[in-house]
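Peer 1: got a predicted model here, sequence first, then my questions.
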Amino acid sequence: MAKDVLGILGDYEPKGKMIQGVGKFILWGLDDPFHITTISGSVIYGVGKIIESRSPYGLRRAKMDLAEIKRQMRELILDISSLRV
């Protein structure tokens, strides 16, 4: 029962975001002439993307996504209304 509720609620953010951040840091932050960090950083980032795609969506993330869409729409409406012809 509790597992079903947690499955419906989901996580606040998709799993794998921290791994993606580490991969991006290694990919762009550390630079070497042999491109070892470039390859390892892109592999770590790819693993994070795979983990993110497998994480359940859930109601929590849906609520956060809807709030983000509302915020973006509000900003867009303000930008459009402030245009002068």
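Peer 2: Now that the structure is in, tell me what you want to look at.

Peer 1: when you work out contacts or count neighbours from here on, use the C-alpha atoms and nothing else.
Peer 2: Noted.

Peer 1: and residue 16, how many neighbours does it have?
Peer 2: Using other Cα atoms under 10 Å, residue 16 has 21 neighbouring residues.

Peer 1: let the chain start at 39 from now.
Peer 2: Okay, residue one is now 39; in that scheme the one you just asked about reads as residue 54.

Peer 1: thinking it is in contact with residue 86, fair?
Peer 2: Yes: counting by Cα atoms under 8 Å, residue 86 is a contact partner of residue 54 at 4.4 Å.

Peer 1: following element in sequence after the helix or strand bottoming out on mean pLDDT in the chain, please.
Peer 2: Every helix and strand in the chain was compared by mean pLDDT, DSSP states H and E; the lowest is helix 40-47, with a mean of 68. Using DSSP states H and E, the helix or strand that directly follows helix 40-47 along the chain is helix 55-62.

Peer 1: now do that following helix: which elements does it pack against?
Peer 2: Based on contacts counted as 3 or more Cα pairs under 8 Å, 6 or more residues apart in numbering; DSSP states H and E, the elements that helix 55-62 packs against are helix 74-92.

Peer 1: avg pLDDT for the next helix or strand after the helix it packs on?
Peer 2: Using DSSP H and E, the helix or strand that follows helix 74-92 in sequence is helix 96-119. Averaging pLDDT along helix 96-119 yields 88.

Peer 1: separation between the most centrally placed residue in the chain and residue 67?
Peer 2: When Cα atoms, centre = their mean is applied to the chain, the residue found nearest the centroid is residue 55 (5.8 Å). For residue 55, the distance to residue 67 equals 17 Å [Cα to Cα, to the nearest Å].

Peer 1: thanks a lot, catch you later.
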